[in-house]
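In: Okay, sequence plus prediction incoming.
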Amino acid sequence: MDDTGVGISTGITTIEDPAAPAADRYRSFKGIDCDGQASRMMARIAFHTQAGNDRFCAYFFERRHAQSGMRCDDLLLLASFVNQIRELFETRGDEIALAWLDQLENECF
């Protein structure tokens with residue numbers, strides 16, 4: 001735990017303290033930063049796919065930045081492609097991103 005008593009610094013972000021009360025989206029989204037979680041997840045996906053030539057990633061980011069037709073917000077886009085995103089992180093061995101994805105699924109989807 002860091003000196004704030006809130007979480008553990010990983011150099012990338014802070015992981016929530018497991019002893020803290022869990023957020024319950026079925027009662028309220030109050031206190032759950034779904035937009036912030038979605039933003040950090042999008043940044044992590046971009047980090048892993050920036051040099052790639054993957055058709056899924058091209059489509060994924062095309063949908064995010066669509067100028068016509070259906071354009072998804074980040075949370076909807078992430079929820080729609082959660083299995084492909086999980087596979088990306090598993091392939092890359094990114095345990096932190098997998099933990100973030102689990103948190104996003106549990107709290108925001």
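Out: All right, it came through fine.

In: Grab the nearest non-local neighbour of L88.
Out: H48 (6.0 Å; Cβ to Cβ, 6 or more residues apart in numbering). Heads up, the C-betas are built off the backbone N, CA and C, glycines and all.

In: what sits up against the helix or strand in which the one you found is found?
Out: H48 is part of helix 34-49 when elements are defined by DSSP states H and E. The contact list for helix 34-49, computed with Cβ atoms under 8 Å, 6 or more residues apart in numbering, reads 13, 57, 60-61, 64, 73-75, 78, 85, 88-89, 92, 94, 97, 100-101, 103-104, 107-108.

In: Try it again at 10 Å.
Out: 12-13, 23, 25, 33, 54, 56-58, 60-61, 64, 73-79, 81-82, 84-85, 88-89, 91-92, 94, 96-97, 100-101, 103-105, 107-109 (Cβ atoms under 10 Å, 6 or more residues apart in numbering).

In: Surely L75 and C108 touch.
Out: Yes - using Cβ atoms under 10 Å, L75 is in contact with C108, at 6.2 Å.

In: what about E95, distance to E62?
Out: 28 Å (Cβ to Cβ, to the nearest Å).

In: now swap in G93 and tell me
Out: With Cβ to Cβ as the criterion, G93 and E62 are 26 Å apart.

In: The two: which has the busier surroundings?
Out: Between G93 and E62, counted using other Cβ atoms under 10 Å, E62 has the larger neighbour count: 12 against 8.

In: Need the pLDDT of that one.
Out: At E62, the pLDDT value in this model is 88.

In: okay, the angle between whichever strand or helix holds it and helix 34-49?
Out: Per DSSP H and E: E62 is located in helix 55-64. Helix 55-64 and helix 34-49 are oriented at 140 degrees to each other (axes from the mean of the first three to the mean of the last three Cα atoms, to 10 degrees).

In: Identify all contacting residues around helix 55-64.
Out: By Cβ under 10 Å, 6+ apart, helix 55-64 touches 42, 45-46, 48-50, 52, 54, 69-74, 76-78, 80-81, 84-85, 87-88.

In: at 7 Å what do you get?
Out: 49, 72, 77, 81, 84 (Cβ atoms under 7 Å, 6 or more residues apart in numbering).

In: Run the chain-centre distance for the helix holding H48.
Out: 5 Å (Cα atoms, centre = their mean, to the nearest Å).
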